[in-house]
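> Here's my sequence, what's the structure:
(chains A and B)
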Amino acid sequence: EDKVVQSPLSLVVHEGDTVTLNCSYEVTNFRSLLWYKQEKKAPTFLFMLTSSGIEKKSGRLSSILDKKELSSILNITATQTGDSAIYLCAVGRSNDYKLSFGAGTTVTVRA
Amino acid sequence: DAGVIQSPRHEVTEMGQEVTLRCKPISGHNSLFWYRQTMMRGLELLIYFNNNVPIDDSGMPEDRFSAKMPNASFSTLKIQPSEPRDSAVYFCASSLMGSTDTQYFGPGTRLTVL
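Numbers count the residues shown, from 1 in each chain, chains lettered A, B, ... in the order given. All right, here's what the predicted structure looks like:
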């Protein structure tokens, strides 16, 4: 059975801090790893990673995949209260179109 | 684009009643997914369709749950009879099969079964 494990489960930081979230996976026929942000509604897509070592960046958020270590990190620099959310990691397989989701990391940014 | 549309946004019903959740995927997307999210179990895939055909329903918890996709622009998830443990947020998501794994989620239906 596929496993996607995120750590930490939750964290609290102050505005301006940098946050690093981890996602590790055990998946057969790995194709891609995705990060989503979920506030009080639906998950919204952040990044999709398929190749090791290539950083994807969007504003203060960045992410990188390490296929050797079967893991990915999501970094948020200069955090703002609007970054408070649950960050979900999901993994896709090459033989179907399902995504397996981790439990998420709840990030709380205090002013 | 309007994104994935779900209705109703909130549903409160009594145990034993039938519940029908509706989803309209993004136009042109040919894969559709139904998820359930709870605090205890996180986001769970219930069923997914490719080109209106159910591909994998192994996540459907019981026979009380059924899903249909009669055409490319509409899907339903039905629970009959509903039970209090079915209370959750139900999300529908769609993606462009063969192009990307990125799934776009609807706003969800918050179901409360009393």
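> Chain A against chain B: which residues are in contact?
Residues of chain A lying close to chain B by C-beta under 8 Å from any C-beta of the partner chain are A:31-32, A:34, A:36, A:41-45, A:48, A:88, A:92, A:96-104. Every residue, glycine included, has its C-beta placed from N, CA and C.
> Just give the nearest non-adjacent residue to the residue nearest to the spatial centre of chain B, would you?
Centroid check for chain B by C-alpha atoms, centre = their mean gives B:W34 as the closest residue, at 3.1 Å. Nearest residue to B:W34, sequence neighbours excluded (C-beta to C-beta, 6 or more residues apart in numbering or on different chains): B:L46, at 4.4 Å.
> from what I can see that neighbour touches B:L32, true?
No: between B:L46 and B:L32 there is no contact under C-beta atoms under 8 Å: 11.2 Å.
> higher neighbour count, these two?
Using other C-beta atoms under 10 Å in any protein chain shown as the criterion, B:L46 and B:L32 rank with B:L32 on top: 29 against 20.
> what pairs with the more buried one across the strands?
B:L32 has the following beta-bridge partners by DSSP bridges: B:F49, B:S94.
> Please, a ChimeraX command that selects the buried ones among the residues of chain A next to chain B?
Of these, the buried ones go into a single ChimeraX selection, burial set by 16 or more other C-beta atoms under 10 Å in any protein chain shown:
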select /A:32,34,36,42,43,45,48,88,92,97,98,99,100,101,102,103,104
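> Now do the same contact list for B:L77.
B:T20, B:L21, B:C23, B:W34, B:L46, B:I47, B:F65, B:S66, B:A67, B:Y90, B:C92 (C-beta atoms under 8 Å, 6 or more residues apart in numbering or on different chains).
> any chance of the residues you listed in TSV, plus secondary structure and pLDDT?
Converted to TSV, the contacts of B:L77 look like this (DSSP: H, G, I helix; E, B strand; the rest coil; pLDDT from 0 to 100):
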residue	secondary structure	pLDDT
B:T20	strand	98
B:L21	strand	98
B:C23	strand	98
B:W34	strand	96
B:L46	strand	94
B:I47	strand	94
B:F65	strand	96
B:S66	strand	97
B:A67	strand	97
B:Y90	strand	97
B:C92	strand	97
